[in-house]
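In: got a sequence here, can you build the structure:
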Amino acid sequence: MDAATFRWVLIVIAVIVVLAVYLVGQHQARLRKRSAMENFTRDEVDSTFIEDEELHLELDNLNRILKDNEAEAEVDEIHINPAVDSARGPSALPHPEIFVPAMLAGRDESRLVSYHLRHGDYRLITGEEAGAAAQHASLQLNGAGYLEYRDNGEVAFRVASLTAPGTFNGLDQLEFTTLGLNCYVDLDACREPSLAYEAMLKKIDELVRMLNVKVYKPDQELLTISDVNAVREQFC
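Out: As a prediction, this is how the structure comes out:
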């Protein structure tokens, strides 16, 4: 190979190398640009949500509300159709024990009108919730640790806790919780049982609205208008 041919071979190789380097460089530049655009877009989208903490809190609250509504809807369905509950079989969670104070345990049921206020899924009520509801319904804590409502200076009805020991001592403490409220009228302890019963119904309505609970009879069946009317007839 003479010198001229060899020179042209070197020139061709140099051109090929330069061209290859240029193409590789262009390809890498496009990759870097695409990566930068993707990262920018992702960071921009993320910052729209991450930096807005209030939106995060609102979304979390909405999610919890939706879950609670779904749970309550399921509980309502169980009460309407008891067969659903029995179909769950042994896998269903056991119901927590409902505490009955000694002063009520041995009483004649015909001389006592008692209703339980609690969540259908046995969710606990905090001291803060119970305290706010009691204050709204003008219930006062007596010396024995029970809540009571006075009408014209006389006790119309009392409220015990469905959780042992049955009192509301420590209601203002953070650790206080209760399964629910046991509202009862002692027919032997009031001069006007019908007025006491109506006062209890009125305050129960306020408590239900405040605590978002349901009203049950001592046998754990939901209270109905027919049950209320049957009690009213006893006072006629």
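In: so residue 30 sits in a strand?
Out: No - under DSSP: H, G, I helix; E, B strand; the rest coil, residue 30 sits outside any strand and is assigned helix.
In: show me the helices in the protein, by range?
Out: Using DSSP state H, the helices of the chain run over 3-50, 53-80, 82-88, 102-105, 127-136, 193-211, 225-234.
In: weakest of those helices by average pLDDT?
Out: When mean pLDDT is averaged over each of these, helix 82-88 scores lowest at a mean of 38.
In: residue 103: neighbour count?
Out: Neighbours of residue 103 under the rule other Cβ atoms under 10 Å: 14. Backbone N, C-alpha and C define where each C-beta goes, glycine included.
In: dump the residue contacts of the closest residue to residue 227 other than its chain neighbours.
Out: Spatial nearest neighbour of residue 227, excluding adjacent residues (Cβ to Cβ, 6 or more residues apart in numbering): residue 217 at 6.6 Å. For residue 217, the contact set (Cβ atoms under 8 Å, 6 or more residues apart in numbering) comprises 114, 115, 116, 223, 227.
In: and of those, the nearest to residue 149?
Out: residue 115 (13.5 Å; Cβ to Cβ).
In: if I look at the closest one, how far off is residue 229?
Out: From residue 115 across to residue 229, the span is 14 Å (Cβ to Cβ, to the nearest Å).
In: ok so, going back, which pair in the contacts of residue 217 has the greatest spatial separation?
Out: Farthest pair in the contacts of residue 217, by Cβ to Cβ: 116 and 227, 12.7 Å.
In: mind listing what's buried in stretch 221-228?
Out: Buried residues in stretch 221-228, counted by 16 or more other Cβ atoms under 10 Å: 223, 228.
In: for that stretch, measure first residue to last.
Out: Stretch 221-228 has an end-to-end distance of 13 Å (Cα to Cα, to the nearest Å).
In: now that stretch, how far from the chain's geometric center?
Out: Averaging C-alpha positions (Cα atoms, centre = their mean, to the nearest Å) puts stretch 221-228 25 Å from its chain's average.
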